[in-house]
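got a predicted structure plus its sequence, pasted below:
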Amino acid sequence: MQDPTFFPRGNGLTLQAVADLVGGTLGADRDASRLVTGIAALGEAGPDDLTFFDAPRYAADLAETRAGCVVVAQKHVSLVPAGIPSVIAKNAATAFATAGRALFPMAAAPTSPSGIDGISARAEIHPSAEIEDGATIEAFAVVGPRVRIGRGTLVAAGAVVGADCRIGRDCRIGAGVTATNALLGNRVILHPGVRIGQDGFGYTAGATGLSKSVQIGRVIIQDDVEIGANSTIDRGAIRDTVIGEGTKIDNQVQIGHNVRIGRHCAIVAQVGISGSTTVGDRVMIGGQTGVTGHVTIGDGAQIAAVSSVNGDVPPGARWGGTPARPVREWFREVTYLHEQALKGRSQRSGDE
Amino acid sequence: MQDPTFFPRGNGLTLQAVADLVGGTLGADRDASRLVTGIAALGEAGPDDLTFFDAPRYAADLAETRAGCVVVAQKHVSLVPAGIPSVIAKNAATAFATAGRALFPMAAAPTSPSGIDGISARAEIHPSAEIEDGATIEAFAVVGPRVRIGRGTLVAAGAVVGADCRIGRDCRIGAGVTATNALLGNRVILHPGVRIGQDGFGYTAGATGLSKSVQIGRVIIQDDVEIGANSTIDRGAIRDTVIGEGTKIDNQVQIGHNVRIGRHCAIVAQVGISGSTTVGDRVMIGGQTGVTGHVTIGDGAQIAAVSSVNGDVPPGARWGGTPARPVREWFREVTYLHEQALKGRSQRSGDE
Amino acid sequence: MQDPTFFPRGNGLTLQAVADLVGGTLGADRDASRLVTGIAALGEAGPDDLTFFDAPRYAADLAETRAGCVVVAQKHVSLVPAGIPSVIAKNAATAFATAGRALFPMAAAPTSPSGIDGISARAEIHPSAEIEDGATIEAFAVVGPRVRIGRGTLVAAGAVVGADCRIGRDCRIGAGVTATNALLGNRVILHPGVRIGQDGFGYTAGATGLSKSVQIGRVIIQDDVEIGANSTIDRGAIRDTVIGEGTKIDNQVQIGHNVRIGRHCAIVAQVGISGSTTVGDRVMIGGQTGVTGHVTIGDGAQIAAVSSVNGDVPPGARWGGTPARPVREWFREVTYLHEQALKGRSQRSGDE
């Protein structure tokens, strides 16, 4: 038996259609009506595949590619081998991503794992919930009192949407997700196992142990946010926890109470952001980084992976390390320590 | 349409009731019968809100607050503006937390997301399970053979309680939780997605790969423990894994087999504690910190966030860094490295 | 009432049976027909228990043990006290693990938490799914279109197996797991809350925010792999994500798209491995370590806990630290910094 293909090729796109889609133009060796039906890396692409090139270190792969079409920037078009069609686009990687979504629309957002359309008789839906036509609610999903769910939205098997939540249109609420005390915009994707809206971790140390602070805020998730599997986002304590429009969060990320994250940020796996911190727009945070509470990361800042941010970060800055500081300082310190320790050892060896 | 309030205000408390509740006294500008119905930060509180003040850096906010009442310590009462009522308490933060729980009792512990009371016909309950009157078992929850569940306990949608587990009274077993091989006390809160009692990670490297050690211990969770979303606690290998009374564990924390954690500890998000380690009472461990196996952290110790503990920590110590050491040493090393690297660079610059 | 024992003792094994099972021989004070029914640590073992000894630091415990039998290597057999039976094996720890699995077969792999055998009427199984006789599917589990499941496999309560997945024989798919776009071999164990096959985190930064790259690869999990609770494994972008035969992954581990992990690796809790990285065979990675994308870790390499790997690691190397480097270098730098900072302080103190 053959291994299954989860995302089979469809009818494909002509090269002209690719060019139009990405706002590009056809290169030499053009055959506007030629079809591509798949996507692949430069070295693996065949005559039916679209690929792309945007880094000189892959020039050898480009020289030998058998792809049906290569997406490239104008400055690289001369590197495309004769006989290989190309589409010239401003940003080859982004254009390739756009074409890939058009070739494999089923892969662009999670689909119903049980393969249904509409509302399962085995879902548990409170009579007071309002669900627009065209939503899909799978078996064993729970929709609580007064919840509202927009059309085109999928609530997958075993997901739980608690009382009074609102979920917009064309959202994907993955299998086994729980969402409580939350308002979601449109086209929000929550991957399986995401936990939204539980209590933040708020305690004060008293005489007889830890005293719990009630958390009465909400979680607001704006349009086009995507949140990775098993990530957790606590609801606000007094104000709300907010994830801004278009922000993408990877798997196993933890967002504390009252955190405000701006728009179009990318937050990589296993990051933790402590309570009441504010993150600006277009911020990138590398994997496993921790951010302490009550600080501000400015717009456009980039934080390296496995760093620890314990103070404010200026807009546009590139910081890293523990504690995080400008990456240049961080690298300098790493290099200094390495050199000195090496020198220390050779001196000691010399003494012997 | 107006955004929903998940935790609506109730009948409120008179200032006298607040004072009585927290063991405090009314300050000047008293109006013992005045009502507060909500809680808010100093700068956002209105005339119906209770707030608190305990740090001089917020003195400006205090001077301009419009709150209905401010909880303060005696030493700060002179800073409360004229016309603003106050309640004087020994520990303002703890007193405020206590009053908050009284004002918003529904927020103090998770409630049924599907909005039910009692046992759903769509729960899967083994005939041999014993469930006291007054427990709530939601749809799609599973209660295995011989399980016992106490009155007032909620087993939320999709939670799975495996064979022979015992769960005390007034517990909250969140949606999608799994608990196996576990004994829980009273008033235990497991947030959604918590995993209790699976195999610990025990292998020995043999000639033909990794050889698995069976894990035949249990997980014991004492009264008033709270465990955050998606945290995982492995069962013991030969002895038990134990979480002591009143200990609070945040989201995405990992506790290995045989670990014993004392009472009234606070363990922040994404911490990992390796197998057979012992943690004393009233220990605080900051977020993302790792603790190696087979070590002991003494009573009252505090470990900074993003640290790595690889040896015993004395009682009452404040440690941090990688490897963790007294915070004073750690800060000294960080500062030394920073200064030396800077000096090294300026010398090199001077040479040019 | 007595606390329940989740793993009761069975009929036990004679010492001869233990010796045969582990390929060992009986030591002095032999009584080949004597029975052991349990396992315990040296200091806690009673006359019915098997225990083992393999480290001189536990010699005092060995001298006082009351165990029914001690598994030891030949070189340690002289340390076993008179009157205590022993089994002599090449690798005492591995032999003890083997005997433990035989004494407690129910603990070697997760069992049905709801206590059933066969297919629950409350499972949601697509008519096109093919399930071999002898599989167990619990209540509220979902098996999607065209899925194939082998005999002896358990799909526990609330687990979701998405369209077209294939799961081999004698697997354990834990409660609340989701598996999509995945092919699993035989005897694979997925602990509760594992998430397999969701989108990898692939974006390119464009003019109007982040542009998503479709992920059309699969997750291939080979025979005898075990994956800990709440771990997440993303499907491949263009190629597949692969976990090699016999590899053991602990709780809360994150594996990115296109990652290839070899055979018989051990990956400890909270590790994160970024996209397109290749890990060889028999690699050990300590807890909380991060591995960047597009690097290669050679066969047999060992990476210390809480490290950060940002380049290739040679086969057989022992690396650690941030950034990871040979452990000897890492320790030297840690020591150098500690000594210098101490010296710096005493000089300054001397100046005062």
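Perfect, I can see it now.

from now on I want contacts and neighbour counts done on CA atoms only, so please keep to that.
Noted.

contact residues of the stretch 1-150 of chain A facing chain B?
Within the stretch 1-150 of chain A, the residues that sit near chain B (C-alpha under 8 Å from any C-alpha of the partner chain) are A:124, A:126, A:140, A:142-145.

just flag the most distant two among those.
A:Phe140 and A:Pro145 (16.0 Å; C-alpha to C-alpha).

ok, these two, which is more surrounded?
When neighbours are counted by other C-alpha atoms under 10 Å in any protein chain shown, A:Phe140 comes out ahead of the other of A:Phe140 and A:Pro145, with 34 against 21.

isn't that one up against A:Ile119?
No. Assessed by C-alpha atoms under 8 Å, A:Phe140 is found out of contact with A:Ile119, at 10.8 Å.

okay, the most centrally placed residue in chain A: pLDDT?
With distances taken as C-alpha atoms, centre = their mean, the residue of chain A nearest its centroid is A:Lys248 (3.4 Å). Listed pLDDT for A:Lys248 reads 98.

follow-up on the earlier one: also near chain C: which of the residues of the stretch 1-150 of chain A next to chain B, exactly?
Near chain C, judged by C-alpha under 8 Å from any C-alpha, the entries from these are A:Phe140.

how about a markdown table for the residues of the stretch 1-150 of chain A next to chain B, with pLDDT and secondary structure added?
What follows is these, written out as a markdown table (pLDDT from 0 to 100; DSSP: H, G, I helix; E, B strand; the rest coil):
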| residue | pLDDT | secondary structure |
| --- | --- | --- |
| A:Glu124 | 98 | strand |
| A:His126 | 98 | coil |
| A:Phe140 | 98 | coil |
| A:Val142 | 98 | strand |
| A:Val143 | 98 | strand |
| A:Gly144 | 98 | coil |
| A:Pro145 | 97 | coil |
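
same list, the residues of the stretch 1-150 of chain A next to chain B, but as JSON lines with distance to A:Thr292 please.
Supplementary listing: the residues of the stretch 1-150 of chain A next to chain B in JSON lines, determined by distance: C-alpha to C-alpha, whole Å:
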{"residue": "A:Glu124", "distance to A:Thr292": "39"}
{"residue": "A:His126", "distance to A:Thr292": "39"}
{"residue": "A:Phe140", "distance to A:Thr292": "38"}
{"residue": "A:Val142", "distance to A:Thr292": "35"}
{"residue": "A:Val143", "distance to A:Thr292": "35"}
{"residue": "A:Gly144", "distance to A:Thr292": "34"}
{"residue": "A:Pro145", "distance to A:Thr292": "36"}
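
circling back to that earlier point, anything in contact with each of A:Phe140 and A:Ile119?
Common contact partners of A:Phe140 and A:Ile119 (C-alpha atoms under 8 Å, 6 or more residues apart in numbering or on different chains): none.

how close does A:Leu183 sit to C:Ser231?
Distance, A:Leu183 to C:Ser231, by C-alpha to C-alpha, to the nearest Å: 27 Å.

looking at those two, which has the bigger crowd around it?
Between A:Leu183 and C:Ser231, counted using other C-alpha under 10 Å, the more crowded position is C:Ser231 (29 against 23).

so which strand or helix has the closest residue to chain B within the stretch 251-352 of chain A?
Nearest residue of the stretch 251-352 of chain A to chain B: A:Glu333, at 5.3 Å (C-alpha to the nearest C-alpha). A:Glu333 is part of helix A:327-351, with elements assigned from DSSP states H and E.

mean confidence for that helix?
Mean predicted confidence for helix A:327-351 is 80.

could you check the angle helix C:327-351 makes with that helix?
In terms of direction (axes from the mean of the first three to the mean of the last three C-alpha atoms, to 10 degrees), helix A:327-351 departs from helix C:327-351 by 90 degrees.

could you pull out the buried residues of the helix-or-strand element of chain A with minimal mean pLDDT?
In chain A, the helix or strand scored least confidently by mean pLDDT, DSSP states H and E is helix A:327-351, which has a mean of 80. Within helix A:327-351, the residues scored as buried using 16 or more other C-alpha atoms under 10 Å in any protein chain shown are A:327, A:329-330, A:332-334, A:336-338, A:341-342.

and it, anywhere near chain C?
Yes. Residues of helix A:327-351 are located near chain C by C-alpha under 8 Å from any C-alpha, namely A:337-338, A:341, A:344.

looking at the residues you listed, which is nearest chain C?
Nearest to chain C among those: A:Ala341, at 5.3 Å, using C-alpha to the nearest C-alpha.

ok, now which ones touch the closest one?
Contacts for A:Ala341 (C-alpha under 8 Å, 6+ apart) come out as C:332-333, C:336-337.

and it, how far from B:Pro127?
Per C-alpha to C-alpha, A:Ala341 is found 67 Å from B:Pro127.

how about A:Thr292?
In terms of C-alpha to C-alpha, A:Thr292 sits 49 Å off from B:Pro127.

can you list the residues of the stretch 51-200 of chain A near chain C?
By C-alpha under 8 Å from any C-alpha, the residues of the stretch 51-200 of chain A that approach chain C are A:91, A:93-94, A:97-98, A:100-101, A:104, A:107-108, A:110, A:112-115, A:139-140, A:157-158, A:175-176, A:191-193.

ok, of those, which come out buried?
A:91, A:93-94, A:97-98, A:100-101, A:104, A:107-108, A:110, A:112-114, A:139-140, A:157-158, A:175-176, A:191-193.

flag the shaky bits of chain A, pLDDT-wise.
The model of chain A has pLDDT under 70 over residues A:1-4, A:345-352.

go again with 80.
Within chain A, the set of residues satisfying pLDDT under 80 comprises A:1-5, A:29-30, A:206-208, A:344-352.

residue ranges of each domain in it, please.
Domain segmentation of chain A under automatic domain parsing yields A:13-107, A:124-327.

run a quick neighbour tally on A:Ala207.
Neighbourhood size, A:Ala207 [other C-alpha under 10 Å]: 9.

equivalent analysis for A:Ile297, please.
Neighbours of A:Ile297 (other C-alpha under 10 Å): 25.

got a list of what it touches?
Going by C-alpha under 8 Å, 6+ apart, the list of residues near A:Ile297 reads A:278-280, A:283, A:312-315.

quick one: which of those residues is nearest to chain C?
Lowest distance from chain C to the contacts of A:Ile297 (C-alpha to the nearest C-alpha) belongs to A:Val283, with 11.0 Å.

dihedrals phi and psi, the closest one?
Phi and psi for A:Val283, reported as degrees, to the nearest 10, are phi -90, psi 140.

pretty sure A:Phe104 contacts C:Lys212?
No. The criterion here is C-alpha under 8 Å, and A:Phe104 misses it with C:Lys212 at 12.0 Å.

I'd assumed A:His76 was in a helix, is it?
Yes. According to DSSP: H, G, I helix; E, B strand; the rest coil, A:His76 belongs to a helix.

what's the closest non-adjacent residue to it?
Nearest residue to A:His76, sequence neighbours excluded (C-alpha to C-alpha, 6 or more residues apart in numbering or on different chains): A:Asp54, at 7.6 Å.

surely the residue of the stretch 251-352 of chain A closest to chain B meets B:Thr335?
No. Judged on C-alpha under 8 Å, A:Glu333 makes no contact with B:Thr335 at a distance of 10.7 Å.

helices of chain A, start to end?
Here chain A has its helices, by DSSP state H, at A:15-22, A:59-64, A:92-103, A:327-351.

separation between the residue nearest to A:Thr98 when sequence neighbours are not counted and chain B?
Nearest-residue entry for A:Thr98: A:Val22, 6.7 Å, with adjacent residues in sequence omitted and distances by C-alpha to C-alpha, 6+ apart. A:Val22 sits 38 Å away from chain B when distances are taken as C-alpha to the nearest C-alpha, to the nearest Å.

give the contact list for A:Val22.
A:Val22 sits next to A:89, A:95, A:98-99 when contact means C-alpha under 8 Å, 6+ apart.

just these now: which is nearest chain B?
A:Thr98 (34.0 Å).

I'd say the closest one and C:Gly206 touch.
No. Checked against C-alpha under 8 Å, the pair A:Thr98 and C:Gly206 is beyond contact range at 10.5 Å.
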